[in-house]
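*Asks:* need coordinates for the following:
(2 chains)
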Amino acid sequence: MVSVRNLSHSYGNDGRLAVDDVSFDIGKGETFGFLGPSGAGKSTTQGVLTGLLRLQKGEVTVAGYDLRTVRKERFNKIGVSFEQANVYSKLTALENLRFYADLFDAPTRDPHELLELVGLAGRENDRAGSFSKGMKHRLAFARSMLNYPELWFLDEPTTGLDPAIAAVIKGVIKAEQAKGTTTFLTTHNMYIADELCDRVAFIVDGSIKLVDTPRNLKQRYGKKLVEVEYLRDDGSIAKETLRTVDEGDRERLAGIVRSRDIVTMHSKEATLEEIFIQITGRGLD
Amino acid sequence: MKLASAYRKEMTIAFRGFYFYVEIVIALILLAVLLLAVDEYPEGREKEYAFYDASPAVVDAVFAELIEEGTLVPGEPEELTMKPASFEVADEAAGTSARYSFDEPRAVSARTMLEMDRSTGRKKKTIYLLDSEDDLLRLSFSSGDVGAVIRPGDDGRLYYRYILQGYETERVSNLLYALHAGSLDELGDAMDRQAVRSLGPVDRLDARESAVPLFVTFAGSLMGFFIVMAYLYLDKNEGAIKAIAVTPATVRTYLLSKTLVIMSTVLASSSVIVIPVMGAKPDYLLFYPFLLATTFAFAALGLFVASFFDSMDDAFGALYAIMIAFMLPAFSYLIGSFDPVWLRFFPTYPVLQVFKAVMLGKTDVPYALAVLAAFLVGGAAILLAAEARFKKTLTV
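*Replies:* I've put the predicted structure just below:
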């Protein structure tokens, strides 16, 4: 669904590249996470893929369209949800969706249905300007689904949302995944990426450092630790972290389990964030 | 379909926004000013000082004739005071100059004559009749008004010598010369040699009507230039442009919808002024197409200028400079004697002239249509240039 070969992009003439020789593919129905800290090149890559930025160097095919030739009809197959809640504040929620629906040359979804999907039922006729930031974000998110997109670009879809709303958004994304929608997810939230993505790419300083599935990454880079808390003879709580791949630690763990009262015990897999730091040497903020 | 939807959206936003009502309220204020504060035939405040270098009997006879004609009406005598002054008077005809110096203040009582407009019955100017040329020079120098020395010749004709301030245009000097000082035979010969092409009717707009072309040009077309930029930057701030850019709608559709909403707004605001003031007098079949064509061109220019800047703050310098430049032709419109050739290159110059003629309802239609076509073609070219620029910059 997406093919990127040797993509580079610069905002100025100083030779500094915001994206430097990036290549990757996204298969049909796949959810691909593009992960990196602010300024890593995530938004620039998405900008080129969505046509907001002109393709300067490289070969990019999106939804079957070669981006070297500008074809507006490709947007009939694409949906884009921006990080910014960019809706017309003077239009109502319904007017916002109806206006954008009229701009497509393809069948569009019922705006009422979309508003209900994102929890804005009953607010159809309220102006977006009166909405909270979270509500505007949901409206912009609903707008990205208007044209039944085959390829869906999501830029930080849950950033800044409270947990309940984030859960609603994640639920909608999972439902669309189940229908076979291909998704390009840009985020610096590794938990969202871990939960939603089939594969992730780590991008730092404009270059992709790694592309793999979250499961493979955890297996390859995870430390395979167990953290256990138990009661000592004097009643105080002891805490130990033991490696499950070390024979001595495994025997020690078995001994603790046999002879002590266990307070808590957790297997401690490495998170994507920890793996990201391990690989890139950089944090995500 | 896309354009219609975008236009509908823009109109909805305009009705719920600030700028639409700014235009309408300004139009209503201008209308109120025109109807309540501007007299259709205001009395002239112009003054002229005159010294008749002749015996009182001859002067009385001349004025009696003019009063009988209805050209002059006797006014009340007025006290005039003169301060000490020192100045130089150049005689252009002789190529000489003389220095005058008056050390003492002086007060005189002057007879006045009121020159009347026969068509309206209103006063055009007040003529002060003085007893000496020195008084005339002092008063003309201190007030900045025109002075005239009139002397009956041996041939029975009146000869005029005008005291001007030096800053009057050559056109004014020539006009006075042609009216009084030159030989009528010479004037007649010159007139016979002129190829005269009537661009407009001989009818005149009254003072109130004369303001309408100015208001329509500046409160209409130029406001469109400014407001289209404001609308565009509002969209940029909200980020809504990016959301449009990822739909099959084109940049051209977006820009045209902006232009159309400006044209609709200007149509409404201009009608608020024109219809109540002008009634059925204008040629509306020419007025509205011309208004829309010029507004289209100015809105396209606004979009083009906006394409170079990221925000209204950034664009303000250019916006201000362009609007001031476009207002310059108003000086020529208001001061008939000020009409330099370079001013005719400003696009608002022909707009003002055509609006003025259209308001009279009798214009040179081919000329007006040529200007209209130029604005349509020029506006389309500017819009295409704006489109080319916005394809690169609109979503960045």
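*Asks:* next, the nearest residue to residue A:242 once chain neighbours are set aside: phi, psi?
*Replies:* On the basis of C-beta to C-beta, 6 or more residues apart in numbering or on different chains, the spatially nearest residue to residue A:242 that is not a chain neighbour turns out to be residue A:249, at 3.9 Å. Bear in mind the C-beta positions are built from the backbone N, C-alpha and C, glycine included. The phi/psi pair for residue A:249 (degrees, to the nearest 10) reads phi -60, psi -40.
*Asks:* thought residue A:256 was touching residue A:249, still the case?
*Replies:* No. Under the criterion of C-beta atoms under 8 Å, residue A:249 is not in contact with residue A:256, lying 10.4 Å apart.
*Asks:* what separates residue A:75 from residue B:312, distance-wise?
*Replies:* When distances are taken as C-beta to C-beta, to the nearest Å, residue A:75 and residue B:312 turn out to be 29 Å apart.
*Asks:* which of these two has more neighbours?
*Replies:* The residue with more neighbours, out of residue A:75 and residue B:312 and counting by other C-beta atoms under 10 Å in any protein chain shown, is residue A:75; that gives 25 against 17.
*Asks:* contacting residues around that one?
*Replies:* A:51, A:104, A:147, B:246, B:247, B:248 (C-beta atoms under 8 Å, 6 or more residues apart in numbering or on different chains).
*Asks:* make it 6 Å
*Replies:* B:246, B:247, B:248 (C-beta atoms under 6 Å, 6 or more residues apart in numbering or on different chains).
*Asks:* need the residues you listed in a markdown table with neighbour count, can you?
*Replies:* Shown next, in a markdown table, are the contacts of residue A:75 (neighbours: other C-beta atoms under 10 Å in any protein chain shown):
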| residue | neighbour count |
| --- | --- |
| B:246 | 25 |
| B:247 | 26 |
| B:248 | 18 |
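*Asks:* give me the secondary structure label for the nearest residue to residue B:91 once chain neighbours are set aside.
*Replies:* Spatial nearest neighbour of residue B:91, excluding adjacent residues (C-beta to C-beta, 6+ apart): residue B:97 at 6.8 Å. Put simply, residue B:97 is strand when judged by DSSP: H, G, I helix; E, B strand; the rest coil.
*Asks:* do residue B:391 as well
*Replies:* helix.
*Asks:* pull the number of nearby residues for whichever residue of the stretch 151-300 of chain B sits closest to chain A.
*Replies:* With C-beta to the nearest C-beta, the shortest gap between the stretch 151-300 of chain B and chain A falls at residue B:239, namely 3.0 Å. Using other C-beta under 10 Å, residue B:239 is surrounded by 16 other residues.
*Asks:* could you report the neighbour count for the closest residue to it other than its chain neighbours?
*Replies:* Among residues not flanking residue B:239 along the chain, residue A:86 sits closest, at 3.0 Å (C-beta to C-beta, 6+ apart). Applying the criterion other C-beta under 10 Å, we find 22 residues in the vicinity of residue A:86.
*Asks:* again with residue B:271
*Replies:* Counted with other C-beta under 10 Å, the burial measure for residue B:271 works out to 17 neighbours.
*Asks:* ok, it to residue A:52 distance?
*Replies:* With distances defined as C-beta to C-beta, the gap from residue B:271 to residue A:52 amounts to 40 Å.
*Asks:* and for residue A:61?
*Replies:* When residue A:61 is compared with residue A:52 (using C-beta to C-beta), they lie 17 Å apart.
*Asks:* so between the two, which is more surrounded?
*Replies:* Neighbours were tallied for residue A:61 and for residue A:52 using other C-beta under 10 Å; the higher tally belongs to residue A:52 (19 against 16).
*Asks:* ok, now which ones touch the closest residue to chain B within the stretch 1-150 of chain A?
*Replies:* Distance from chain B to each residue of the stretch 1-150 of chain A (C-beta to the nearest C-beta) is smallest for residue A:86, at 3.0 Å. Taking C-beta under 6 Å, 6+ apart as the contact definition, residue A:86 lies against A:140, B:238, B:239, B:240, B:242, B:243.
*Asks:* which among the residues you listed gets closest to residue B:1?
*Replies:* Using C-beta to C-beta, residue B:243 is the member of the contacts of residue A:86 that sits closest to residue B:1, with 18.1 Å.
*Asks:* look up phi and psi at the residue nearest to the closest one when sequence neighbours are not counted.
*Replies:* Sequence neighbours aside, residue A:86 is the residue nearest to residue B:243 in space, at 5.3 Å (criterion: C-beta to C-beta, 6+ apart). For residue A:86, the backbone dihedrals are phi -90, psi 80 (criterion: degrees, to the nearest 10).
*Asks:* so what pLDDT did residue A:86 get?
*Replies:* At residue A:86, the model reports a pLDDT of 88.
*Asks:* sorry, back to before: hmm, the residue nearest to residue A:242 is touching residue A:240, no?
*Replies:* No. No contact is recorded between residue A:249 and residue A:240 when judged using C-beta atoms under 6 Å, the distance being 8.9 Å.
*Asks:* sorry, back to before: thought the residue of the stretch 151-300 of chain B closest to chain A was touching residue A:83?
*Replies:* No. In terms of C-beta under 6 Å, residue B:239 does not count as a neighbour of residue A:83; the distance is 9.6 Å.
*Asks:* so how far is the first residue of stretch A:46-66 from its last?
*Replies:* For stretch A:46-66, the first and last residues are 15 Å from each other (C-alpha to C-alpha, to the nearest Å).
*Asks:* show me the shaky parts of the stretch 1-150 of chain A.
*Replies:* Judged against pLDDT under 70, the stretch 1-150 of chain A has no low-scoring part.
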